[in-house]
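*Asks:* predicted model, plus sequence, below.
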Amino acid sequence: MSGFSPEWLSLREGVDHRSRDARLAGKLALYFAGRDQLRIVDLGAGTGSNLRATAPLLDAMQQQWTLVDYDPALIEAAERALTAWADRTERVRELLVVHARGRRIEVRFREADLEAGLEDVLGAGPDLVTASALFDLCSPDFIDRFAGAVARHKAAFYTVLTYNGEQAWTPAHTADAGMLAAFTAHQRTDKGFGVSAGPDAPAALAGAFRSLGYRVSEGNSPWLLGEADRRLIAELAEGFAAAVDETGRFDAATLGAWTAVTRTAAVVGHTDTLALPAL
Ligand SMILES: C[S@@+](CC[C@H](N)C(=O)[O-])C[C@H]1O[C@@H](n2cnc3c(N)ncnc32)[C@H](O)[C@@H]1O
């Protein structure tokens, strides 16, 4: 179990999709314009949200996706979610063939730990390596190793929704700033890849790919949450407070008072990153 439930990933999917930086998505589409076929690896794929947002951006009518995650429950949920999203699906040996948005998308599910099996999961010559909401969990060392592995394949890299440390709640609370500092400390603990980069992950990604000669572009993809996102705001605040509690920096009374507030809006900053190999 990864600690990310299918219900949480489903709750955030609509917001994730609307928050992505459209200019960067356009650059990705342009880079692959005119290609008939593409091989794509999605890391930390969860229930396949990134495929559902990214596959329709790409011209290629034939796409081969490998969805990698170490949580078997999420892989099962991904198959269900993709089937629900598709016009129709078929099974061809171990592949799920998804017909959606005019495209034929071959999906291979791969249960693997990225930290241990990075080279292996990238497979033979992907055109694109992608991920959504993953890299703030990763350490700077892993990010360097990962960028090196992608560069050896001369593959393009596109990741969205990497948490970048910005946060605001409405209404504001006197404990917000201290809570954010504690949350950031929690972010910089080991999430399975060594000590996480947390909000420094976008800079670590950009630096790692630039040092390998890649052309790097970034865009903002903040969650701008309002009245219509009340459930997500409430769950976000609860998860945020639970992480802060684990740091032991706040007493129960302050945490209780902070959690008791009904919030009507929130902003959570994210960065999208596109890294393209040198021409
Ligand atoms: C925040 S979720 C994002 C899921 C999905 N990409 C999305 O945008 O909805 C992070 C995902 O990374 C996966 N993950 C975390 N650490 C991993 C590891 N070491 N190996 C493989 N998958 C991992 C989790 O199981 C989870 O599905």
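*Replies:* Ah, there it is. Quick caveat: nothing in here was measured; it's all calculated off a predicted structure. Residues are numbered from 1 along each chain as shown.
*Asks:* contacts, neighbours, all on C-alpha from now
*Replies:* Noted.
*Asks:* any stretches of the chain with poor pLDDT?
*Replies:* Under the criterion pLDDT under 70, the flagged ranges of the chain are 1-2.
*Asks:* tell me which parts of it are close to the ligand?
*Replies:* By the rule Cα under 6 Å from any ligand atom, the part of the chain lying against the ligand is 2, 4, 9, 44-46, 49-50, 69-71, 112-115, 131-134, 192.
*Asks:* mind listing which of those are in strands?
*Replies:* Among the residues of the chain next to the ligand, the members found in strands (DSSP state E) are 69, 131-132.
*Asks:* need those in TSV with neighbour count, can you?
*Replies:* Formatted as TSV, the entries for those read as follows, by neighbours: other Cα atoms under 10 Å:
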residue	neighbour count
69	24
131	24
132	22
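*Asks:* pretty sure residue 238 contacts residue 258?
*Replies:* No. Under the criterion of Cα atoms under 8 Å, residue 238 is not in contact with residue 258, lying 9.8 Å apart.
*Asks:* which one of the two has more residues nearby?
*Replies:* Between residue 238 and residue 258, residue 258 has the larger neighbour count (other Cα atoms under 10 Å), namely 19 against 15.
*Asks:* what's the helix or strand for the more buried one?
*Replies:* helix 252-260 (DSSP states H and E).
*Asks:* so what does that helix touch, helix or strand wise?
*Replies:* helix 230-247 (3 or more Cα pairs under 8 Å, 6 or more residues apart in numbering; DSSP states H and E).
*Asks:* can you list the neighbours in contact with the helix it packs on?
*Replies:* By Cα atoms under 8 Å, 6 or more residues apart in numbering, the residues outside helix 230-247 that reach it are 11-12, 179, 182-183, 185-186, 225, 250, 255, 259, 262-266.
*Asks:* hmm, back to that, partner strands of the helix or strand that comes right after the helix holding residue 258, with direction?
*Replies:* Scanning forward in sequence from helix 252-260 by DSSP H and E, the next helix or strand is strand 265-276. Sheet pairing for strand 265-276, assigned by DSSP bridges, gives strand 156-170 (antiparallel), strand 215-220 (antiparallel), strand 223-225 (antiparallel).
*Asks:* which residue would be the closest one in the stretch 151-279 of the chain to the ligand?
*Replies:* residue 192 (5.5 Å; Cα to the nearest ligand atom).
*Asks:* which residues touch that residue?
*Replies:* 115, 137-138.
*Asks:* show me which of the residues of the chain next to the ligand are buried.
*Replies:* Among the residues of the chain next to the ligand, those scoring as buried are 9, 44-46, 49-50, 69-71, 112-114, 131-134 (criterion: 16 or more other Cα atoms under 10 Å).
*Asks:* residue 37 and the ligand: what is the separation?
*Replies:* Residue 37 sits 22 Å away from the ligand, going by Cα to the nearest ligand atom, to the nearest Å.
*Asks:* I figured that residue was touching residue 61, is that so?
*Replies:* Yes. Using Cα under 8 Å, residue 37 is in contact with residue 61, at 6.5 Å.
*Asks:* I would like the residues contacting stretch 97-115, please.
*Replies:* By Cα under 8 Å, 6+ apart, stretch 97-115 touches 43-44, 56, 60-72, 75, 82-83, 85-91, 94-96, 121, 142, 192-193.
*Asks:* neighbours around the nearest residue to residue 223 once chain neighbours are set aside, how many?
*Replies:* Computed as Cα to Cα, 6 or more residues apart in numbering, the closest residue to residue 223 that is not its neighbour in sequence is residue 268, at 5.1 Å. Number of residues near residue 268 (other Cα under 10 Å) recorded here: 18.
*Asks:* how about the one 5 residues further on?
*Replies:* Other residues near residue 273 number 24, with proximity taken as other Cα under 10 Å.
*Asks:* who's in contact with it?
*Replies:* 24, 157-160, 202, 205-206, 216-219.
*Asks:* go with 10 Å
*Replies:* Residues in contact with residue 273 (Cα atoms under 10 Å, 6 or more residues apart in numbering) are 21, 24-25, 130, 157-162, 202-203, 205-206, 216-220.
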